[in-house]
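Pasting the sequence and the predicted coordinates here, then a few questions.
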Amino acid sequence: MTAGQTRAWLAELAWSPALGLRRDVLIEASADRITGVVPDSSASALVATRLPGLTMPGLANAHSHAFHRALRGVTEAARGTFWTWRERMYEVAGRLDPGNYLALATAVYAEMALAGVSCVGEFHYVHHGPHGTPYADPNEMGRALIEAARRAGIRITLLDACYLSGGLSADGSQQPLEGTQLRFGDADGAAWASRVEALGPDATGSLGSHARLGAAIHSVRAVPPTQLPVVAVWSHRYGVPLHAHVSEQVAENRACLAAYRATPAEVLAEAGALGPRSTAVHATHLTDSDIELLAGSRCHVCMCPTTEADLADGIGRARALADEGSPLTLGSDSHAVIDLFEEARRVELGERLASQERGHFTAAELAAAASTIGHASLGWPDAGELAAGGLADFVTIALDSPRTAGAPRTAALESVIFGASAADVQNLVVGGLDVVSGGRHVLVGDVPAALAPAIGGVLC
Ligand SMILES: [Zn+2]
């Protein structure tokens, strides 16, 4: 849609945190912004495009490593742990270059769009060429990801990750980067900051209408305590998101405690890295005082339940975190599957398995995590809501599919969150433009035909 152009849609049913569940909702937009949301409208098909099904704010995939998509299926035949899986992941990381990563990420982001994702938080750490040699443009890989999101029609927050060391020794010393890890590293926090600066963000971290910049600390395994404040201070200067992997694995906690006599959450708090713009990714193995620290700072927690199950990480304490004040978000992380409805219901189902009781989260809480709160955590507070003035980003899910048919209209949101799959997404509008229409990607066309060669190009 060009500047000043107006469009209107009539949603059979629409839900957002502010709207609740309403029928016959007329959504009007001018250029990329919503100008009006009117429930119980009698607008005709002559003035508005009909959207049968349930329309809700676009989904925010708050934690992604796009290249991990290549590992889907190929790691499932093997036994092992997170750490053996990581060796296979490093092999794929070693084969990436700006050209093949552009093709792969475009296809993966197109798959996300088909699943209703309008915004991705890309936690990006494969920065440099083989052996750590910078490309002519040291941000060539990051720029490829930004371009991939543009081609796939979705928004991106490039969470550029600082990754300086290969792990922690029990005596607190940092192990050097080795092998593929050399591609992830900058010399120190200052070198990381100056490389990120070269991406050219404006004073608020914006990189244009579809892209924003954010900061990431890969983990306390990969960034020494002396360098953590450099990343935190840089994020504070621009007021941008600051994400970090936190306590995904028991082994990470053990190494951190042995090295620093503190948990990962405590180390990050000491460095000034926790606050309302922060996101702790996973936060699976927390102490009660870790929960108080994270939630007390109003730090978001990004749960990635399908990845956490796939990698045998464990079940995070979602309800306790939310009760204490941490807003929850969702990510498909390693892309074992890309389906935010599956991520959402697994937060509730994980609590049920752990507690042997039902009913910990409402569908509305889980839907907000998948959309409104996720956008806020990625630095897009004006997306993720169906309201005048917000960005015109929304998704429509079929209510007549084999998975969703038959539910009463009053239970449409519960039906979607607990029963729908990514295959039920019919339409996705981003910035007032059609990205998915009738279940087909408008820009990329045949997404499987884009995925297959792109994945084949990075597998051995
Ligand atoms: Zn991750």
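Ah, there it is.

buried stuff in stretch 167-174?
Within stretch 167-174, the residues that qualify as buried by neighbour count (16 or more other CB atoms under 10 Å) are 167, 168, 174. (Glycine included, C-beta is placed from N, CA and C.)

Nearest to residue 296, out of the residues you listed: which one, please.
residue 168 (25.6 Å; CB to CB).

is it true that that closest one touches residue 220?
Yes - the pair residue 168 and residue 220 qualifies as a contact (CB atoms under 8 Å) at a distance of 7.5 Å.

Now the common contact residues for these two.
Listed as contacting both residue 168 and residue 220 by CB atoms under 8 Å, 6 or more residues apart in numbering are residue 256.

Could you list the low-pLDDT ranges of this protein?
Applying pLDDT under 70 to the chain flags residues 1-4.

Just say helix, strand or coil for the residue nearest in space to the middle of it.
For the chain, the residue nearest the mean C-alpha position is residue 62 (1.9 Å; CA atoms, centre = their mean). Following DSSP: H, G, I helix; E, B strand; the rest coil, residue 62 is assigned to strand.

how close does it get to residue 18?
20 Å (CB to CB, to the nearest Å).

now swap in residue 374 and tell me
For residue 374, the distance to residue 18 (CB to CB) stands at 16 Å.

Please identify which of the two sits among more neighbours.
Taking other CB atoms under 10 Å, residue 374 and residue 18 do not tie; residue 374 has more neighbours (34 against 11).

So the more buried one sits against residue 384, correct?
Yes - Residue 374 is within contact range of residue 384, at 6.8 Å (criterion: CB under 8 Å).

Mind listing the shared neighbours of these two?
Listed as contacting both residue 374 and residue 384 by CB under 8 Å, 6+ apart are residue 60.

Now do the contacts for residue 441.
Here residue 441 is in contact with 110, 113, 114, 152, 153, 435, 447 (CB under 8 Å, 6+ apart).

Let me see the ranges of the strands in the stretch 201-350 of the chain.
With strands called from DSSP state E, counting those that start in this stretch, the stretch 201-350 of the chain shows them at 211-217, 242-246, 278-282, 300-303, 328-330.

Just give the nearest non-adjacent residue to residue 381, would you?
Nearest residue to residue 381, sequence neighbours excluded (CB to CB, 6 or more residues apart in numbering): residue 375, at 6.9 Å.

Contact partners for the one you found?
57, 58, 60, 119, 381, 383, 384.

Surely the first one and residue 371 touch.
Yes - applying CB under 8 Å as the test, residue 57 and residue 371 come out as touching, 4.1 Å apart.

so what sits against both of the two?
What both residue 57 and residue 371 touch, as defined by CB under 8 Å, 6+ apart, is the set 16, 384.

related to what we said a few turns ago, show only the entries of the contacts of residue 441 found in helices.
Among these, the ones falling in helices (DSSP state H) are 110, 113, 114, 152, 447.

Neighbours of the fourth one, how many?
Read that as residue 152. Neighbourhood size, residue 152 [other CB under 10 Å]: 28.

Tell me who's in contact with the closest residue to it other than its chain neighbours.
Spatially, and ignoring its direct neighbours in sequence, residue 152 is nearest to residue 109 (3.5 Å; CB to CB, 6+ apart). Neighbouring residues of residue 109 by CB under 8 Å, 6+ apart: 66, 117, 120, 148, 149, 151, 152, 154, 156.
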